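Chemist: predicted structure and sequence below. I'll ask about it afterward.
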Amino acid sequence: MNNTEELIQIQNFLPHRAPMLMVDYILNLSDTTVKTVFEIKTDNIFVAEGVFAEAGMVENAAQTCSSIVGQTFFVDENQQVKEDVKVIGFISGIKKVTLFDLPKVGETIITESVLKSRFDSDNYCICTMECKTFVADKLLLEAELNLFIQETN
């Protein structure tokens, strides 16, 4: 894994903060793809009996996916992070979720997402994303999500 100086801070692309932040870093990001990393810790609100729950897996997938679109709202044309941007975002639809296994405390999950479609207006975006989550080479989750993200004043 890269050291933290080479990793992209997820907080630059999402309004989420602890305890609802379910991504540690972005490993790579483009206009259509993203790859994130998240270590499952004991104090996570979605951990029960040493296992990261289904709701946490879906939230991790949604946050990973939304970082692609988040670039539009949080970063200017010179790739500088904008100050005082406020957005609201939510899962507007879950087309498919297949959960194969759940990660345990101490494991690190890697989530990859690809933008399938996107509609932008002046202050909001609606998109469809495909997402996969792994521990090492083991597939844990496959999903297709619709997201709605809107800039607020």
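Modeler: Alright, I've got the coordinates.
Chemist: could you measure from Asn60 over to Leu102?
Modeler: To Leu102, Asn60 is 11 Å away according to Cβ to Cβ, to the nearest Å. (C-beta placed from N, C-alpha, C; glycine too.)
Chemist: mind checking which of these two has more residues around it?
Modeler: Per other Cβ atoms under 10 Å, whichever of Asn60 and Leu102 has more neighbours is Asn60, with 25 against 21.
Chemist: which residues does the spatially closest residue to the more buried one that is not a sequence neighbour contact?
Modeler: If the residues on either side of it in the chain are set aside, Asn60 comes closest to Met22, at 4.2 Å by Cβ to Cβ, 6 or more residues apart in numbering. Neighbour list for Met22: His16, Phe38, Phe46, Gly56, Glu59, Asn60, Gln63 [criterion: Cβ atoms under 8 Å, 6 or more residues apart in numbering].
Chemist: pick out the residue closest to the middle of this structure.
Modeler: Residue closest to the average C-alpha location in the chain (Cα atoms, centre = their mean): Thr64, at 1.6 Å.
Chemist: now do the helix or strand hosting Ile126, average pLDDT.
Modeler: If you go by DSSP states H and E, Ile126 is part of strand 124-135. On average, the pLDDT along strand 124-135 is 96.
Chemist: now the next helix or strand after it: buried residues?
Modeler: Later in the chain than strand 124-135, the nearest helix or strand by DSSP H and E is strand 138-152. The neighbour-count check on strand 138-152 (16 or more other Cβ atoms under 10 Å) flags Leu140, Leu141, Ala143, Glu144, Leu145, Asn146, Leu147, Phe148, Ile149, Glu151 as buried.
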